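A.B. asks: Sequence first, predicted coordinates after that:
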Amino acid sequence: MQVFIQLCTDTKGIIFFSRVDKKEFVAQKYVQTLVLISAQAILLSLINVLHRNIGLVSPNDRLDLFSKSRATKELNILILYAIDKSAYLIGILFLKYSIFWKTCDMHVYLPLERELCPLILC
């Protein structure tokens, strides 16, 4: 985790956050926190990715991708575009060894002990 925090301060470009499923509020919180410490951070919508609207991404940038367990079609497209742009990829994963584990440059594992929603709807 210390290496991840150091990367937040060392990244010369923009730190993009994106998410799969219902993690957008978590990604948005990270963006807001980083902006408070004067880092350049943006939440990248997966809808924009589907329309190939990631021209802002450059080799100096970093993409932090949140996923519970899998790589969706949208996330797979984003990963391919990010690799094409030579951006640094960090997978923030709630389950170890998800499908896109090996495509990221770095992994942050956040163990999921239980779903917050008792009905497992969120």
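C.D. replies: Perfect, I can see it now. Just so it is clear, the model here is predicted, and its values are computed rather than measured.

A.B. asks: What residues are bridge-paired with Leu63?
C.D. replies: Per DSSP bridges, the residues bridged to Leu63 are Phe16, Leu89.

A.B. asks: Can you tell me how far it is from Pro111?
C.D. replies: 22 Å (Cβ to Cβ, to the nearest Å). (Each C-beta comes from the backbone N, C-alpha and C, glycine too.)

A.B. asks: Those two: who's more crowded?
C.D. replies: Legend: neighbour count by other Cβ atoms under 10 Å for Leu63 and Pro111, higher for Leu63 (25 against 8).

A.B. asks: Give me the distance between the more buried one and Lys96.
C.D. replies: Distance from Leu63 to Lys96, by Cβ to Cβ: 20 Å.

A.B. asks: again with Leu112
C.D. replies: Applying Cβ to Cβ, the value for Leu112 to Lys96 is 10 Å.

A.B. asks: same check, this time on Lys29
C.D. replies: From Lys29 over to Lys96 (counting by Cβ to Cβ), the distance is 23 Å.

A.B. asks: what's the answer for Asp61, then?
C.D. replies: Asp61 is 26 Å from Lys96, by Cβ to Cβ.

A.B. asks: And for Ile83?
C.D. replies: 22 Å.

A.B. asks: Which one's more surrounded, the two?
C.D. replies: Taking neighbours as other Cβ under 10 Å, Ile83 and Lys96 compare with Ile83 leading, 13 against 10.
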